[in-house]
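Student: The following block contains a protein sequence and its predicted model.
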Amino acid sequence: MASATPSWLRTLSRTSGTVARRGAATRRATLQRRISAAAHWSLPTSSPGATAPPSRVRFSTTVTSEKRVTAESPASAESAGDACLAAARNSTANASPLEDIRARECAMLMLREAETRTFRLNDSFVDGYDPVLSGRAPPFGFNGLGELVYLRTYARVIPGEDGQPRREMWHETVRRVVEGCFSMQWRHSEGVAGLGFDHERAGEEAEQMFDDIFHMRFLPPGRGLWAMGTALTEERGLFAALNNCAFVSTAELGANPRGLADPFCFLMDASMLGVGVGFDCRGAGSARVVVPRPAESGGEGERVFVIEDSREGWVQSMRVLLEAYLHPLNARTHDEQGLALAVEPVFDYSLVRPAGAPIRGFGGKSQGPEPLQELHMALREALQHAAVSSSTAVSEVKQEGALLQPRTIVDIMNMIGRCVVAGNVRRTAEIAFGHLASSKEGAEDETPEFLQLKDYERFPDRAPYGWASNNSVYASVGHADYAQPSLAENIALNGEPGFAWPDNMVRYGRLRMAGQHDAPEATLVAADGFCNGSVAGETAAADEVGGNPCLEQTLESYELCCLVECFPNQHLLAAGEDETEARAAFMRTLRSALLYAKSVSLGPLHWAPSNRVLLKNRRIGVSMSGIQQFVANAGGDGNGLGLEVLRQWCEEGYAELRATDNELAERFTVRPSIKLTSVKPSGTVSLVSGATPGLHWPEAAHYMRRVRMASDDELLPPLVEAGYHCEPAVGDEKRTTVVTVPVTVLSEQEEAAAAAGAAG
């Protein structure tokens with residue numbers, strides 16, 4: 001049987017939720033509780049002539065009574081505010097002065113939420129999922145690992161009712177996410193499109209989405225669990241933080257209207273928001289690397305750049321540095337005396353907050369200016385080396401500079417990745433795309449150095465940062481020699497580079513197996529016309545696309561994508577023997593998951609090129625994890641029964657998604673999504689739910705899992721005290737600790753069934 005909750009996790013639960021675990025009567029007696037609950041009031045039915053506050057978002061009051069009344073939506077924010085104030089006056093006519101102040105404060109909160117279109121669920125509904133009030137325990141997976149990963153990665157620090165900071169509990173995270181999602185819908189429908197907003201329907205859909213996420217039938221991406229509904233989106237409008245992945249091309253750097261440094265800045269900006277970014281090396285040869293002249297301290301031309309204490313400040317500092325070294329091919333870079341026109345920038349880091357200070361927007365703790373200083377130093381060394389190490393003659397370097405090489409592009413991007421993840425505050429990923437020339441056409445490999453970038457015996461200087469990206473090559477179907485020595489040897493050495501076939505990426509979406517399910521014997525075909533050009537399909541050419549770091553999504557340059565994750569096995573386990581009931585529940589979950597992802601696509605991004613491609617494509621990825629668990633529980637794969645059940649669920653599920661997407665496109669007056677599905681390899685989200693990631697087979701029924709944590713994380717002491725093996729992470733010994741956690745893959749039902757089978 002799966003083990004009971006380990007002692008360290010019980011300790012963590014007490015640590016993260018001490019205040020939240022008080023009794024309901026005590027919690028509701030505090031002023032903080034009442035003021036925050038004010039955002040969820042309903043108007044008393046006795047309020048004469050009052051117009052209800054905005055929702056089936058169900059506002060409810062606890063100032064004079066525990067009775068909760070569902071309200072209809074108002075005609076406007078102004079009428080809602082008038083109604084709220086009228087309700088406050090009526091409900092406190094005979095109240096004490098303190099109660100009257102509380103009521104007025106609550107009414108003003110309601111007015112602000114109506115004005116900002118901030119969606120709220122009813123307290124009484126959410127309380128039904130509070131483990132203290134309801135006894136409902138979240139279904140975290142892998143006998144404790146899932147909850148540890150949740151507490152480390154997605155539970156934000158919030159003020160407790162006693163004024164002390166604490167981590168969120170699962171139902172609080174789910175509430176924040178769902179309310180943020182429906183606030184985005186409300187603002188788009190009324191504030192952007194002027195369409196009106198159906199509060200009654202939204203209330204029903206929000207409660208269904210809450211229940212689905214709480215029980216982990218589907219989960220938003222990790223970025224959404226962390227950022228949705230926070231100040232990052234609600235106040236700063238940084239909706240890019242809700243997306244999993246992006247891609248940017250370096251093609252024609254010298255002609256980029258946003259500047260040569262922009263693709264690199266885009267990657268850093270997106271990475272600092274938690275987005276994984278792919279990039280290509282198409283910009284090789286399209287710019288020159290020139291060493292700027294040193295700045296004279298206090299002299300004429302010295303450029304001192306004071307770095308702002310913000311994400312934007314860090315990104316801008318890198319732009320300033322790169323633009324001092326990178327120049328268009330036809331640009332004049334030296335004066336008549338042969339001195340470089342560009343001057344080496346000097347940086348002032350004094351405004352960057354010290355290590356340990358809180359990061360208010362994104363969350364977490366600052367690592368101080370050290371990672372940025374290390375990035376600037378590494379970039380200078382790499383660019384100075386690149387300026388004199390290409391095929392350009394040394395005698396010409398001073399005047400002309402050196403052509404930008406693929407390795408330099410990858411080096412810059414990888415160094416950025418290392419800076420972003422320093423200290424475990426942010427997590428991101430990269431993929432680098434090189435080119436594999438056609439051997440049948442007699443061409444030599446265009447990027448031999450690229451193929452060996454992970455060979456640290458040849459390039460030992462890349463070892464400290466080369467891990468930051470997966471490396472793959474673009475290949476043409478039927479026109480590449482995959483056995484060429486430089487390619488095969490490196491794949492044998494470390495599994496890279498991988499392969500991407502852009503022709504197939506733009507021609508196909510879902511595929512049917514040859515000779516099966518009405519597909520021709522000789523070829524793979526698209527499983528639906530949408531992705532094969534007959535309805536819409538990709539509009540970009542094959543040589544203009546790339547992909548995300550795990551390459552389950554095709555992306556255009558500057559495009560982002562939101563991937564939500566469904567868990568079909570959860571539906572089987574919940575339904576027991578009734579596969580029909582489980583399938584119907586899975587269809588409901590797919591609709592809820594798609595609604596979340598489509599809502600994310602309504603949020604405008606802070607990059608103009610990204611908005612252009614977003615409005616055109618509305619690309620979404622509804623994914624599945626725990627597929628091998630599902631196949632086993634649906635009948636097994638030895639006789640093919642489980643695979644056939646999976647295929648039926650996928651076919652019916654895709655039809656449900658396409659119909660739902662058409663309905664949502666009409667509801668929000670946006671285009672249908674160019675793609676709707678993918679199967680991502682998953683990461684920590686599948687750990688939270690206890691699912692095997694994507695299509696992956698489990699490593700074993702029982703194994704040891706290693707988890708990286710910030711060394712100053714308050715979750716570590718209980719783990720150490722409980723005897724879990726903790727050690728410094730190699731390469732980041734000061735800032736990162738690795739914890740080893742035993743894992744049981746099987747659920748209690750699955751382990752019991754396996755034990756019964758073995759005994760029989």
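Tutor: Good, I have the coordinates.
Student: Let me know the secondary structure of residue 472.
Tutor: strand (DSSP: H, G, I helix; E, B strand; the rest coil).
Student: Show the contacting residues for it.
Tutor: By CB atoms under 8 Å, 6 or more residues apart in numbering, residue 472 lies in contact with 431-434, 496-500, 551. Heads up, the C-betas are built off the backbone N, CA and C, glycines and all.
Student: Apply 10 Å and report the result again.
Tutor: Residue 472 sits next to 278, 280, 431-434, 436, 450, 496-500, 546-547, 549, 551 when contact means CB atoms under 10 Å, 6 or more residues apart in numbering.
Student: And the buried ones among those residues, selectable in ChimeraX?
Tutor: The command below creates a ChimeraX selection of those among the contacts of residue 472 that count as buried (16 or more other CB atoms under 10 Å):
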select :278,280,431,432,433,434,436,450,496,497,500,546,547,549,551
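Student: so where do the helices sit in the stretch 501-650 of the chain?
Tutor: Assigned helices in the stretch 501-650 of the chain, in chain order: 502-507, 568-575, 579-600, 608-617, 627-633, 641-668 (criterion: DSSP state H, counting those that start in this stretch).
Student: can you list the weak-confidence ranges in the stretch 351-500 of the chain?
Tutor: Scanning the stretch 351-500 of the chain for pLDDT under 70 picks out 360-363, 389-399, 423-426, 437-447, 480.
Student: Below-threshold pLDDT in the protein: ranges please.
Tutor: Residues of the chain that meet the criterion pLDDT under 70 lie in 1-115, 297-302, 360-363, 389-399, 423-426, 437-447, 480, 511-537, 637-639, 747-760.
Student: which SS class is the closest residue to residue 555 other than its chain neighbours?
Tutor: Closest residue to residue 555 in three dimensions, ignoring its sequence neighbours and counting by CB to CB, 6 or more residues apart in numbering: residue 247, at 3.7 Å. When classified by three-state DSSP, residue 247 comes out as strand.
Student: re the thing from before, which stretch among the helices of the stretch 501-650 of the chain comes nearest residue 377?
Tutor: Taking CB to CB as the measure, these were each checked against residue 377, and helix 608-617 came out nearest at 30.1 Å.
Student: Contact partners for residue 356?
Tutor: By CB under 10 Å, 6+ apart, the contact set of residue 356 is 365-368, 712.
Student: Okay, and which of these map to helices?
Tutor: Counting by DSSP state H, no part of these is found in helices.
Student: List only buried entries from those residues.
Tutor: Neighbour-count burial (16+ other CB under 10 Å) applied to the contacts of residue 356 gives 365-368.
Student: mind listing which of the contacts of residue 356 are in strands?
Tutor: For the contacts of residue 356, not one is inside strands, with DSSP state E as the criterion.
Student: Max pairwise distance over those residues: which two?
Tutor: Of all pairs drawn from the contacts of residue 356, the one with the largest separation by CB to CB is 368 and 712; the distance is 12.2 Å.
Student: Helices of the stretch 651-760 of the chain, residue ranges please.
Tutor: Per DSSP H, counting those that start in this stretch, the stretch 651-760 of the chain has helices spanning 684-689, 716-721, 748-759. These are given in chain order.
Student: Surely residue 724 touches residue 716?
Tutor: Yes. Under the contact definition of CB atoms under 10 Å, residue 724 touches residue 716, with a separation of 9.3 Å.
Student: Name the residues contacting each of the two.
Tutor: Taking CB under 10 Å, 6+ apart as the contact criterion, the residues that touch both residue 724 and residue 716 are residue 739.
Student: one step back: looking at the helices of the stretch 501-650 of the chain, which is nearest to residue 541?
Tutor: With distances scored as CB to CB, the stretch of these nearest to residue 541 is helix 502-507 (7.3 Å).
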